[in-house]
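1. Attaching a predicted model along with its sequence, questions to come.
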Amino acid sequence: MIAVVIPCYRCSAHVLGVLAAIGPEVGAIYVVDDACPEGTGDVVASRTTDDRVKVIRRARNGGVGAAVVTGFERALADGADIVVKLDGDGQMDPAEIPRLVHPIRRQQADYVKANRFFAPDYLAGMPGVRIFGNAVLSFLSKLSSGYWNIFDPTNGFIAIDAGVLSLLPLDKIAPDFLFESDMLFRLSILRARVVDIPLRARYGDECSNLKVAKVILPFIRRLSHNFIKRLAYSYFIRDFSLGSIYVAAGVPLTFFGLIYGAVQWYAHALASPPVASSTGVIMLAALPLILGMQFLIAFFTQDVISVPATAIHPALHPSVRATTNKP
């Protein structure tokens, strides 16, 4: 069964149209009212006759991530096989759900997300600040999660295999606008395969609650934290490889070269009269810096080629391999 989770906050004007467009391939729809001041849950409950729709009301606003996790937990409890997250503001086309879940059904991916940047004409109508912000956040998310093959990490149109979803620590996933990026980090720890598919976003009269200028610093802090955790777990706790050696040698050599060089430059600049640095001092700063940077380049090369290439969910559902492998 495919289940759809729709977190709702200030989208009462659009959610009924979204629900009406969801096709028969979906078996259950969970509308999560995240303490919406517009009473979106009440609007849905009173105006929809679709028996697939279940309204979940949260007592207090927890953020989009918290609302989605509430829906995920309910979908897992009800026995969903694939869970799709769909926003209620009408920017995502429910008719694309079959395309979104197809790679999971074909055992080609564990987690599938839309990519609004696949083609230049997909960007028509997208605000320029959002294009720039997504480019920056995409690079930071690649660094944090290790999924160097994907783009548009903040895209919330996603599908995930229920077996893989059940392995994620849902209580630890960011409850706010960092939800999608944090999901990618958690999936990388599982070595799940993530796939992008090109889907065009639809922009109308809806208003985004996400302000790039306000979220960039929290994004950087969280993604930096996740990068360090991924580095420690993937390269030193769970495994030890050439990449581990590269980063273990590259980081101290680079920092030594930078710090020693800066200290020597400062000391010689303050001398009266100024004293030129000796060849030995220059080499002692430059050589570790050059070697360290070479090691770090080698590490990132290793990291890029280590992106998971095989879905893990078939091993979690051995009894359904024969049926899910059908076109």
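-> Thanks, I have it.

2. show me what contacts the residue lying closest to residue 15 once chain neighbours are set aside?
-> Of all residues not flanking residue 15 in the chain, residue 88 sits nearest, at 4.0 Å (CB to CB, 6 or more residues apart in numbering). The way it works is simple: take the backbone N, C-alpha and C, and place the C-beta from them, glycine included. Contacts for residue 88 (CB atoms under 8 Å, 6 or more residues apart in numbering) come out as 6, 7, 8, 11, 14, 15, 18, 31, 40.

3. okay, now the second one: neighbour count?
-> Here the count is done by other CB atoms under 10 Å, and residue 7 has 30 residues near it.

4. cool, and the third one?
-> The local packing count at residue 8 equals 30, with neighbours defined by other CB under 10 Å.

5. my guess is it contacts residue 33, does it?
-> Yes - assessed by CB atoms under 8 Å, residue 8 is found in contact with residue 33 at 5.3 Å.

6. what's the overlap in contacts for the two?
-> Contacts common to residue 8 and residue 33, judged by CB under 8 Å, 6+ apart, are 40, 41, 44.

7. Who are the contact partners of residue 231?
-> residue 247.

8. Helix, strand, or coil at it?
-> Per DSSP: H, G, I helix; E, B strand; the rest coil, the secondary structure class of residue 231 is helix.

9. Mind telling me what element the residue lying farthest from the centre of the chain is part of?
-> Distance from the centre of the chain peaks at residue 273, with 55.0 Å (CA atoms, centre = their mean). Take DSSP states H and E as the rule and residue 273 turns out to sit in neither a helix nor a strand.

10. Can you tell me how far it is from residue 266?
-> 16 Å (CB to CB, to the nearest Å).

11. tell me which element the nearest residue to residue 140 once chain neighbours are set aside is part of?
-> Closest residue to residue 140 apart from its sequence neighbours, by CB to CB, 6+ apart: residue 223 at 4.6 Å. When elements are assigned from DSSP H and E, residue 223 belongs to helix 212-232.

12. Can you give the distance from that helix to the centre of its chain?
-> Chain-centre distance of helix 212-232: 11 Å, with CA atoms, centre = their mean, to the nearest Å.

13. again with stretch 3-10
-> Offset of stretch 3-10 from its chain centre (CA atoms, centre = their mean): 18 Å.

14. next one: stretch 180-190
-> Offset of stretch 180-190 from its chain centre (CA atoms, centre = their mean): 6 Å.

15. Flag every buried residue along the longest helix along the chain.
-> The longest helix of the chain (DSSP state H) is helix 242-270. The neighbour-count check on helix 242-270 (16 or more other CB atoms under 10 Å) flags 243-244, 246-247, 249-250, 253-254, 256-257, 260-261, 264 as buried.
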